[in-house]
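Q: Let's see this in three dimensions:
(one chain, ligands or ions: 1)
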Amino acid sequence: MTGTAETDDFQAKSQSFLAWLQQHGTTISPKIELADLRQDGCGRGVLAVQDIEDDEELFSVPRTSILTIETSTLPAEINAQINDPWLGLITAMVLEHSKGEGSAWKAYFDVLPERFDTPMFWSEEELAWLRGSAVVDKIGRLSADKAFSERVIPIIRQHPEVFGIADRSDDDLFALCHRMGSTIMAYAFDLEKPSAEQSREEQDDGWEEDEEESESMSKGMIPFADMLNADGYLNNAKLYYEEDRVVMKSIKPIPAGGEIFNDYGSLPTGDVLRRYGYVTSNYSPYDVVEVSQQLIRDVAKEQLKLNDNLLEQRVHYLEEQGVLEDAYDVARPGNEDVETISEELCILVNALTMSQTDFDKLQTKEKLPKPVLATASAELLTFVLRKRQVAYATDDSSNAALAKTTSPHRWSMAYRVVEGERQVLIDVLETLKKLSQPTGEKRKADVDSGSMKKKQRG
Ligand SMILES: C[S@@+](CC[C@H](N)C(=O)[O-])C[C@H]1O[C@@H](n2cnc3c(N)ncnc32)[C@H](O)[C@@H]1O
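A: This is a model prediction of the structure:
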């Protein structure tokens with residue numbers, strides 16, 4: 001296809017999509033437009049064509065236009081057979097996509113991507129460029145492969161009259177499942193209930209639920225709302241959930257020509273890459289380094305000469321108290337959203353560095369070490385983080401040479417993730433250096449006056 005034909009196709013798809021939105025009740029402010037941002041490497045995006053004030057309605061989408069398991073034509077009994085919201089939405093999207101012109105969402109599918117640059121689709125060599133980052137273990141390729149081949153494809157095959165794609169090979173269906181899964185990852189929203197209902201529920205039990213724990217939260221594809229790009233610094237719009245529609249509003253003035261940016265969250269660069277397939281330096285303040293409990297135990301054993309029994313006793317006690325984690329995030333100093341060293345991590349290292357007498361006292365009183373880093377703990381953590389530094393991919397020159405012949409774009413994205421995390425370690429080690437040089441009286445990991453079990457959020 002020539003460049004012009006590609007452009008025409010791109011524009012034609014945008015125009016059909018906009019017409020489809022209008023036919024189905026989406027209203028769009030005349031102050032914004034769907035734009036072609038391919039030259040900036042951003043696909044489509046939404047721009048202001050006139051000055052916009054704070055708290056202006058930018059567009060509204062009726063809930064009936066949101067593609068969910070319920071609004072799709074996926075029969076309820078098939079959804080019940082799948083019995084998983086994530087796989088259910090993938091199956092519903094495979095179905096709607098396969099119906100082509102017969103689907104109510106055809107014009108919407110036409111503007112959704114066919115390919116992704118997320119690590120889910122990277123080769124082993126490319127993934128090696130991310131070595132050291134916890135993002136590699138979060139990709140979940142194997143579990144997705146297993147779920148598609150064992151739980152989705154057999155169901156599609158069992159119902160040829162519904163899906164109408166009996167002639168497609170398993171490989172094709174597999175690729176389609178991955179495509180829809182990745183679309184959900186980068187485009188879907190966690191659909192909240194209307195604000196009034198939410199506040200009623202919050203009042204009922206006084207707790208705000210974790211997104212992942214909430215049963216009432218379901219995922220859905222919101223046409224047009226998902227045409228907004230995001231930027232760690234420049235967020236200027238927010239989606240509001242009303243009874244029968246969702247509304248995007250400005251949250252600050254936006255000058256004509258400015259881009260409308262949604263909020264993808266305070267994500268570390270590695271997670272932006274994993275979920276959305278791009279990186280920008282504007283997410284680097286949120287970068288974190290994951291440190292496993294196992295690494296802390298190994299280093300503690302070596303440095304503090306703790307024997308296995310004592311180590312196990314202390315770790316087991318923290319587990320009983322509900323404050324032990326498998327891994328801890330160490331965050332970039334200065335990140336206002338996350339503590340550089342979490343209270344739980346302080347508690348673990350303080351528990352490991354305290355004397356046996358102090359630990360026995362603590363246990364007798366059923367208390368926890370203070371959630372503030374003691375000097376000896378800062379020293380131990382310094383050893384841990386130095387060891388953690390070694391885990392990162394380091395052979396930059398040979399990586400770069402290989403990348404030139406394979407995928408320079410993926411390599412540079414991986415490089416930025418790894419460099420960002422390495423910098424976090426350098427910054428945190430600098431902070432620890434100050435803590436391990438006590439000026440006055442030596443701070444000591446001691447018994448806290450109150451036991452700290454579960455923190456209430458929200
Ligand atoms: C919710 S969609 C936004 C619309 C998308 N640009 C499109 O053309 O369909 C998310 C995708 O947009 C792209 N994207 C979003 N923000 C971006 C940014 N700041 N820089 C580059 N790409 C971005 C990424 O490809 C991401 O997976």
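Q: So residue 280 is in contact with residue 232, correct?
A: Yes - using Cβ atoms under 8 Å, residue 280 makes contact with residue 232 at a distance of 6.9 Å. Where you see a C-beta, it was placed from the backbone N, CA and C, and this is true even at glycine.
Q: more crowded one of these two?
A: Neighbour tally, residue 280 and residue 232, criterion other Cβ atoms under 10 Å: the higher count belongs to residue 232, 21 against 15.
Q: If we ignore the residues flanking it in sequence, what's nearest the more buried one?
A: Excluding its sequence neighbours, the residue lying closest to residue 232 (Cβ to Cβ, 6 or more residues apart in numbering) is residue 282, at 3.6 Å.
Q: what does the chain put close to the ligand?
A: 41-45, 186-187, 226-227, 229-231, 276-278, 280 (Cβ under 6 Å from any ligand atom).
Q: coming back round to it: what residues are shared contacts of residue 280 and residue 232?
A: residue 272 (Cβ atoms under 8 Å, 6 or more residues apart in numbering).
Q: So residue 103 sits against residue 93, correct?
A: No - checked against Cβ under 8 Å, the pair residue 103 and residue 93 is beyond contact range at 9.8 Å.
Q: more crowded one of the two?
A: residue 93 (27 against 18).
Q: Next, give phi and psi for the residue nearest to the more buried one when sequence neighbours are not counted.
A: Of all residues not flanking residue 93 in the chain, residue 180 sits nearest, at 4.1 Å (Cβ to Cβ, 6+ apart). Per-residue torsions, residue 180: phi -70, psi -40 (degrees, to the nearest 10).
Q: for residue 180, what are its contacts?
A: 89, 90, 93, 94, 97.
Q: and what of residue 45?
A: Taking Cβ under 8 Å, 6+ apart as the criterion, residue 45 is in contact with 34, 35, 37, 227, 228, 229, 259, 260.
Q: Tell me the one among these nearest to the ligand.
A: Nearest to the ligand, judged by Cβ to the nearest ligand atom, of the contacts of residue 45 is residue 229 at 3.2 Å.
Q: Make sure that closest one is actually in contact with residue 272.
A: No - Residue 229 lies out of contact with residue 272 (Cβ under 8 Å); the separation is 11.4 Å.
Q: Looking at these two, which has the bigger crowd around it?
A: residue 272 (24 against 21).
Q: Do you know the pLDDT at the more buried one?
A: We have a pLDDT of 97 for residue 272.
Q: Relative to residue 51, how far out is it?
A: According to Cβ to Cβ, to the nearest Å, residue 272 and residue 51 sit 29 Å apart.
Q: Residue 107 too?
A: 30 Å.
Q: for residue 422, same thing?
A: From residue 422 to residue 51 the distance is 42 Å (Cβ to Cβ).
Q: More neighbours: these two, which one.
A: residue 422 (19 against 13).
Q: Quick check: chain neighbours aside, which residue is closest to the more buried one?
A: Spatial nearest neighbour of residue 422, excluding adjacent residues (Cβ to Cβ, 6+ apart): residue 392 at 5.7 Å.
Q: who touches that neighbour in this structure?
A: 131, 132, 133, 418, 421, 422.
Q: follow-up on the earlier one: so the residue nearest to residue 232 is in contact with residue 235, correct?
A: No - when contacts are counted by Cβ under 8 Å, residue 282 is not listed as touching residue 235 (10.0 Å).
Q: My reading is that residue 265 lies in a strand. Confirm?
A: No - per DSSP: H, G, I helix; E, B strand; the rest coil, residue 265 lies outside any strand segment and is coil.
Q: Give me the pLDDT value at it.
A: We have a pLDDT of 89 for residue 265.
Q: now it: how far from the ligand?
A: For residue 265, the distance to the ligand equals 12 Å [Cβ to the nearest ligand atom, to the nearest Å].
Q: Could you report the pLDDT at residue 205?
A: pLDDT recorded at residue 205 is 38.
Q: again, but for residue 376
A: 95.
Q: what does residue 434 give?
A: Looking at residue 434, its pLDDT is 86.
Q: What about it, how many residues nearby?
A: 10.
Q: And residue 433, by the same measure?
A: Residue 433 has 12 nearby residues by other Cβ under 10 Å.
Q: I'd like the distance between it and residue 333.
A: 12 Å.
Q: Now for the two: what residues contact both?
A: Counting by Cβ under 8 Å, 6+ apart, no residue touches both residue 433 and residue 333.
Q: Low-confidence regions, the chain specifically.
A: For the chain, applying pLDDT under 70 flags the ranges 1-7, 193-217, 395-400, 403-404, 438-458.
Q: Report the residue ranges of every domain in it.
A: The chain breaks down by automatic domain parsing into domains covering 3-66+222-285, 76-187, 287-435.
Q: Looks like residue 234 contacts residue 263 (just checking).
A: No - Residue 234 is not in contact with residue 263 according to Cβ under 8 Å; the separation is 9.9 Å.
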